[in-house]
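A.B. asks: Predicted coordinates and the sequence they were generated for:
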Amino acid sequence: MRSLRNSSSRWGRVVAVLVVCGVNFFVHSGAPDVSLMESRNFVAAREMVAGGSWLIPTMNGELRLAKPPLPTWAVAALQKLTGPTEDLGLLRLPAALAATLLVLFFWGLARELTRNAPGEQSQPGRTAWWSALVLASCLLVLTSGREGQWDIFANSMMVGSLWLLVRGWGQSGKAWLPFLGAGILAGLSMLSKGPVAVYALLLPFLLAYLIRQPQHRRQVRRQRWGTLAAAVLGVGVGASWPAYIGLHVAPAALRVARTEISSWGDRHVQAPWYYWSFFAFTGLWALVALASLVWPYARVRAGRFIPYAVALGWVVAGLVLLSLVPEKKERYMLPLMPPLALLVAGLLRYWETMRNETSAFSGPDRWVVRGWAGLLLLLFLGVPVAMILTHLPGFGWWSPRFLCGSALFTGLGLWVGWQGVRHARVVGVARATVVGVAAVVAVLMPAYPAWEARKDTPGLRRMRDTRQLPALAAITTWRSLDTLHVKQIWAAGRAIPVWHPTTKELTKLSTPVGVFSASPTGERLPAGWAGHVRLTVLDTFYLGRNRESGYWYVSRLDPI
């Protein structure tokens, strides 16, 4: 908490935000196993580095056009610097950097939005600083920033674009540089995930920023040429890769576009109210986030420090637009986290300012703060108990990890009990929240791989075991007779394209081939194969962590 106490100075604030981002996004980043989305990104990056095209990506030897390539470029560029690697901690560095940029960009945006707030005059920039800390410790931002997929890149670049747009609109004279930067960042966002962030982040913000805000509309009109330049540049940058793909592999690109558009309505379809618990994805800030959404309560309080109508409108517009799309996933709520962080910061600043005024800080304010502190108290004191009851690996009785973790979380619990439940001191509870999130990452994350594997069937051979077989590793050509899951492709360490061999192909075979199949290989080869190749069954491997996941066969074909 010492770094947070230095918040009175500008550099103290910078250090605090960077320390929180460093712990939350970078520490133990290699702990969780690779996810489905990461597998796709990492496989495509691996094939770029291995000599594939950077402009026309492939995944397992086949065109990969469903997602724009900026996140894949970032991972591939990292491997160009470090060398080919399967170290997940290294491969997730670009996503962690994108998450850090998201927090810093949002800090700048919040500073622009709160610059003229009445409550900011005594401590300029403090609300924006709290906004950045809240966003950096939001649950959904934390999980997205620790996973090497597309969403964190798209949202980070778009928040940066919003920051520069608002900064440019606030200038009295010409402001070409902010608008050019905004256009480039918007284009990079589209190169990360197409128009998704335009729809889910830019459009809701513009609706909230301009509707019933005549002063904002006047700013935009005054800077209309810069705004137009940003829009043209953004579209130009964002459309550059799709245009290139359209010129070189138009039929494949058209098929992928049709598939992606249709998937919005027939894959992962959920009810319109699926996102009703969106505020809970702020994690330990959830109760404050919920309170900040209550217009009669929060408007008169948070409105002194933030443009409350803009922030709330941003959340509501984003929620409505996301709910209109049939395809829904939890990570799609990431665009809602920045405005929620701004709302939370507004309430925190009100409570912080009014804390010493008994008449102002009473009734519902005290109850909300004490309720928030009470929940944190139960959570922090419950962590040591949970470590024992769940037999968390590495946290046995009297182990150094258990003793340190117990001391830390018990101390945090006692702190919020004294500061929040007993005295309703908001700053103390907020500091404990930020530190508590970082403590979970720093202390508990090392046990995550063992926790994931707690129900594994011991002794099962997996793809990583199979690929070490000398009889297989010496073969340069691997093929699959069935479609192999992309996570298995990642574990294989190389591409395994689908192969449907004919008798003619087997006749012309001149070098050994490693063959993977979901059923015995001999049953999958064309009639008469035994006269052309020699089949050697090498091994089997399981697809998951237990026997119910099923297994595949690994064989070797040698020409006769």
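C.D. replies: Received it, and whenever you're ready, just let me know what you need.
A.B. asks: any idea how far Leu135 lies from Ala345?
C.D. replies: Per C-beta to C-beta, to the nearest Å, Leu135 is found 9 Å from Ala345. Every residue, glycine included, has its C-beta placed from N, CA and C.
A.B. asks: right, I mislabeled it, should have said Arg524
C.D. replies: Arg524 is 60 Å from Ala345, by C-beta to C-beta.
A.B. asks: go on, Pro326?
C.D. replies: 33 Å.
A.B. asks: which of the two has more neighbours?
C.D. replies: Ala345 (30 against 16; other C-beta atoms under 10 Å).
A.B. asks: Can you pull up the most central residue in the protein?
C.D. replies: Ser144 (1.8 Å; C-alpha atoms, centre = their mean).
A.B. asks: Setting the sequence-adjacent residues aside, check what's closest to it.
C.D. replies: Spatial nearest neighbour of Ser144, chain neighbours left out: Ile152 (4.6 Å); criterion: C-beta to C-beta, 6 or more residues apart in numbering.
A.B. asks: Just to be sure, the one you found is in a helix?
C.D. replies: Yes - applying DSSP: H, G, I helix; E, B strand; the rest coil, one finds Ile152 inside a helix.
A.B. asks: How many residues are close by Ser263?
C.D. replies: Around Ser263 there are 14 residues (other C-beta under 10 Å).
A.B. asks: That one is in what secondary structure piece?
C.D. replies: helix 250-266 (DSSP states H and E).
A.B. asks: pLDDT score for Leu142?
C.D. replies: pLDDT, Leu142: 97.
A.B. asks: Could you pull up the contacting residues of it?
C.D. replies: Applying C-beta atoms under 8 Å, 6 or more residues apart in numbering, we find Leu142 in contact with 24-25, 99, 136, 283, 437, 441.
A.B. asks: Mind checking which of those are in helices?
C.D. replies: Using DSSP state H, the members of the contacts of Leu142 that fall in helices are 99, 136, 437.
A.B. asks: Report the separation between the first one and Trp314.
C.D. replies: Meaning Ala99. Going from Ala99 to Trp314 by C-beta to C-beta gives 20 Å.
A.B. asks: cool, the last one as well?
C.D. replies: When distances are taken as C-beta to C-beta, Val437 and Trp314 turn out to be 23 Å apart.
A.B. asks: Same question for Asn24.
C.D. replies: Counting by C-beta to C-beta, the gap from Asn24 to Trp314 is 23 Å.
A.B. asks: circling back: kindly indicate which of the contacts of Leu142 lies nearest Ser189.
C.D. replies: Nearest to Ser189 out of these is Ala99 (C-beta to C-beta; 14.4 Å).
A.B. asks: Is that closest one in contact with Asn155, as I believe?
C.D. replies: No - judged on C-beta atoms under 8 Å, Ala99 makes no contact with Asn155 at a distance of 9.3 Å.
A.B. asks: Residues that sit against both of these two, list them.
C.D. replies: Ser144.
A.B. asks: My assumption is that Tyr553 lies in a strand; please confirm.
C.D. replies: Yes - secondary structure of Tyr553 (three-state DSSP): part of a strand.
A.B. asks: what's it in contact with, if anything?
C.D. replies: Listed by C-beta under 8 Å, 6+ apart, the contact set of Tyr553 reads 516-521, 537, 539-540.
A.B. asks: May I have stretch 398-408 exported as CSV, CA atoms only?
C.D. replies: Extracted in CSV, the C-alpha atoms of stretch 398-408 (Å, rounded to 0.1, in the frame of the first residue of the first chain):
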residue,chain,number,x,y,z
TRP,A,398,3.0,-24.7,7.8
SER,A,399,4.2,-24.3,4.2
PRO,A,400,5.9,-21.0,3.5
ARG,A,401,3.2,-20.2,0.9
PHE,A,402,0.4,-20.9,3.3
LEU,A,403,1.9,-18.9,6.1
CYS,A,404,2.7,-15.9,3.9
GLY,A,405,-0.7,-16.0,2.1
SER,A,406,-2.5,-16.4,5.4
ALA,A,407,-0.7,-13.5,6.9
LEU,A,408,-1.3,-11.3,3.9
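A.B. asks: Run through who's touching it.
C.D. replies: 383-384, 387-388, 394-396, 439, 443-444, 446-447.
A.B. asks: circling back: which of the ones in helices among the contacts of Leu142 lies closest to Ala243?
C.D. replies: Using C-beta to C-beta, Ala99 comes nearest to Ala243 of these, at 29.3 Å.
A.B. asks: Tally up the residues packed near the residue nearest to that closest one when sequence neighbours are not counted, please.
C.D. replies: Of all residues not flanking Ala99 in the chain, Gly145 sits nearest, at 2.7 Å (C-beta to C-beta, 6+ apart). Residues lying near Gly145 (other C-beta under 10 Å) number 29.
A.B. asks: same check, this time on Glu47
C.D. replies: Using other C-beta under 10 Å, Glu47 is surrounded by 23 other residues.
A.B. asks: Find the helix or strand that it is a member of.
C.D. replies: Counting by DSSP H and E, the element that carries Glu47 is helix 36-49.
A.B. asks: Next: Leu102.
C.D. replies: helix 93-114.
A.B. asks: Then Leu312?
C.D. replies: Assessed by DSSP H and E, Leu312 sits inside helix 308-324.
A.B. asks: how far off helix 93-114 does that helix point, in degrees?
C.D. replies: Computed with axes from the mean of the first three to the mean of the last three C-alpha atoms, to 10 degrees, the direction of helix 308-324 lies at 140 degrees from that of helix 93-114.
A.B. asks: Next, the buried residues of helix 308-324.
C.D. replies: Within helix 308-324, the residues that count as buried by 16 or more other C-beta atoms under 10 Å are 308-319, 321-323.
A.B. asks: Show me the shaky parts of the stretch 201-350 of the chain.
C.D. replies: 265 (pLDDT under 70).
A.B. asks: isn't Ala424 right up against Trp372?
C.D. replies: No - using C-beta under 8 Å, Ala424 is not in contact with Trp372, being 9.8 Å away.
A.B. asks: which of those two has more neighbours?
C.D. replies: For Ala424 versus Trp372, neighbours defined as other C-beta under 10 Å are more numerous around Trp372 (26 against 21).
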